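**Student:** return atomic coordinates for the entry below.
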Amino acid sequence: MLKWIEIDSSIIASNVRIIKNSLKKGVKLMAVVKAGGYGHGALTTARTAVKNGASFLGVLTVDEALELRKSGIKTDIMTLSPCLKEELKKAAENSVIPTIDDIRLLKEAENKKIKLSFNLDCDTGLKRWGIDPSMLNDFLKRAKDSEYARLFSFSTHIAYTPYRNMTDAREKLSLFGKLSEEVKKFFPKALVHAANSLILCDFPEFQFDMVRAGNLIYGIYPSDIYAKKKGGTPLKGIKRPWRFFAKIISIKKVKAGEVFGYAGEITAYRDMVLASIPVGYSDGLSMEPRDNVYKISEGASYWAEIKGRRAPFVSKASICNTILDITDIPGVKTGDIVSLAIRRTAANANMARIERGRS
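**Tutor:** Numbers count the residues shown, from 1 in each chain. Predicted coordinates for the structure are as follows:
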């Protein structure tokens, strides 16, 4: 095996427990397993998350939810994007909580006599989807009178980027809190949720009734503002369960000034030792070109790790191979294993995956 992914389920389990233990008393945890569990495997992550404290599972679409149901998952599943009217029946039949943001979907449920519980999403500025706050009251009145569609929860996704709009985000979270009070007047038992991993880290006071954790489950801190402000690390102990490995298949030496690569596009600026790995952008490695001419200032943009040291990419990744600069790493030989940072959701689905530490 020349390239593979290792996923440590025991780390996912630990991350879920750490997140769950950080929540206020009574706050529920939704484990977000959309996009194949962020590349870690939706089913494995779902089972691990539920076993370690998650009360809900979040997916993007009804089809993703159905895949989990077919695999025997009984836990409550919620779609995080609005479903289409033709999906309402499938959602209801499989006990999936769809997100809706259009009163016409309520009418569809009534007309087709589809009994379901749904999540109502509210647009607080992201403009992806969600009901406009000005229309909320009318929607709630209609939902209250519905014989078939029951409002289960109320959500939003805050358009927040750390270090850029913290004040704006806090104002929108406060606004959402006021809107949720209106929702509770009509539906006292409705769950309110706005906090994803980012909001949980930077605005832990806005946990409401449930937190939707994605990045943190997979070992990624989306922000460090709260940590700096409080003088400590939030959710201490969160680790990454994903590692991508490949083996070196060839080593070459080039002289200073020698040109190589397609059309001689790369020029060695010193005597160099190069290693080839059978990994490229078809595997999910970055396609972003930096410069066709290799420069020392460009070399650190992307790298692999060998023997605990960085080996910069030489130029850009090809479709299925990449050249590394191993000049300053002694003792490297063919067959040695390198570790690579690959965007997990972009990793080739056919890549071998090895599960470690089942939990």
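**Student:** could I get the buried residue list for stretch 121-136?
**Tutor:** For stretch 121-136, the buried set under the neighbour-count rule, 16 or more other Cβ atoms under 10 Å, comprises 121-125, 129-131, 133, 136. Bear in mind the C-beta positions are built from the backbone N, C-alpha and C, glycine included.
**Student:** how about stretch 239-257?
**Tutor:** In stretch 239-257, the ones that count as buried by 16+ other Cβ under 10 Å are 241-248, 254.
**Student:** make JSON lines out of those residues and add pLDDT.
**Tutor:** Supplementary listing: the buried residues of stretch 239-257 in JSON lines, determined by pLDDT from 0 to 100:
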{"residue": "P241", "pLDDT": "94"}
{"residue": "W242", "pLDDT": "92"}
{"residue": "R243", "pLDDT": "93"}
{"residue": "F244", "pLDDT": "94"}
{"residue": "F245", "pLDDT": "96"}
{"residue": "A246", "pLDDT": "97"}
{"residue": "K247", "pLDDT": "98"}
{"residue": "I248", "pLDDT": "98"}
{"residue": "V254", "pLDDT": "95"}
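**Student:** my guess is G58 contacts D76, does it?
**Tutor:** No: using Cβ atoms under 8 Å, G58 makes no contact with D76, being 9.9 Å away.
**Student:** just to revisit the earlier point, among the buried residues of stretch 121-136, pick out the one closest to N111, please.
**Tutor:** Ranked by distance to N111 (Cβ to Cβ), those are led by I131 at 19.8 Å.
**Student:** quick check on the closest residue to that closest one other than its chain neighbours: phi, psi?
**Tutor:** Ranked by Cβ to Cβ, 6 or more residues apart in numbering and with sequence neighbours excluded, the top spatial neighbour of I131 is D101, at 4.6 Å. Note on D101: backbone dihedrals following degrees, to the nearest 10 are phi -150, psi 20.
**Student:** re earlier: G58 and D76: who's more crowded?
**Tutor:** Here G58 and D76 are compared on neighbour count by other Cβ atoms under 10 Å; more neighbours surround G58, at 28 against 18.
**Student:** are we agreed that that one is in a strand?
**Tutor:** Yes: under DSSP: H, G, I helix; E, B strand; the rest coil, G58 sits within a strand.
**Student:** wait, what's in contact with it?
**Tutor:** 30-34, 77-80, 212, 214 (Cβ atoms under 8 Å, 6 or more residues apart in numbering).
**Student:** swap in W242?
**Tutor:** Taking Cβ under 8 Å, 6+ apart as the definition of contact, the neighbours of W242 are 5-7, 39-40, 218-219, 344.
**Student:** which strand residues bridge it?
**Tutor:** In this entry, W242 is beta-bridged to I7, by DSSP bridges.
**Student:** now L324
**Tutor:** On the basis of DSSP bridges, L324 is bridged to A275, F313.
**Student:** so it touches F313, yeah?
**Tutor:** Yes: under the criterion of Cβ under 8 Å, L324 lies in contact with F313, with a separation of 6.4 Å.
**Student:** and V338, that's in a strand?
**Tutor:** Yes: counting by three-state DSSP, V338 is found in a strand.
**Student:** narrow the contacts of G58 to those that are buried.
**Tutor:** Using 16+ other Cβ under 10 Å as the burial test, those include 30-34, 77-80, 212, 214 as buried.
**Student:** need those residues in CSV (columns: distance to D328, secondary structure and pLDDT).
**Tutor:** Rendered in CSV, the data for the buried ones among the contacts of G58 read as follows (distance: Cβ to Cβ, whole Å; DSSP: H, G, I helix; E, B strand; the rest coil; pLDDT from 0 to 100):
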residue, distance to D328, secondary structure, pLDDT
M30, 46, strand, 98
A31, 42, strand, 98
V32, 40, strand, 98
V33, 41, coil, 98
K34, 41, helix, 97
I77, 50, strand, 98
M78, 50, strand, 98
T79, 49, strand, 98
L80, 45, strand, 97
R212, 44, strand, 98
G214, 37, coil, 95
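**Student:** closest to K20 out of those?
**Tutor:** Closest to K20, out of all of the buried ones among the contacts of G58 and judged by Cβ to Cβ, is A31, at 9.6 Å.
**Student:** from what I can see A317 touches S286, true?
**Tutor:** Yes: in this structure, A317 sits in contact with S286. The criterion is Cβ under 8 Å, and the distance is 6.1 Å.
**Student:** which neighbours do these two share?
**Tutor:** Both A317 and S286 are contacted by Y302, under the criterion Cβ under 8 Å, 6+ apart.
**Student:** please say which of these two ends up with more neighbours.
**Tutor:** A317 (24 against 18).
**Student:** specify the local secondary structure of that one.
**Tutor:** Here A317 takes the coil state, with states given by three-state DSSP.
**Student:** quick one: contacts for it?
**Tutor:** For A317, the contacting residues are 279-281, 285-287, 302, taking Cβ under 8 Å, 6+ apart as the criterion.
**Student:** report the lowest-confidence entry in the residues you listed.
**Tutor:** Ranked by pLDDT, the contacts of A317 bottom out at M287, which scores 54.
**Student:** any chance of the buried ones among the contacts of G58 in a markdown table, plus distance to S174?
**Tutor:** Formatted as a markdown table, these follow (distance: Cβ to Cβ, whole Å):
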| residue | distance to S174 |
| --- | --- |
| M30 | 22 |
| A31 | 27 |
| V32 | 24 |
| V33 | 30 |
| K34 | 27 |
| I77 | 30 |
| M78 | 24 |
| T79 | 27 |
| L80 | 22 |
| R212 | 19 |
| G214 | 23 |
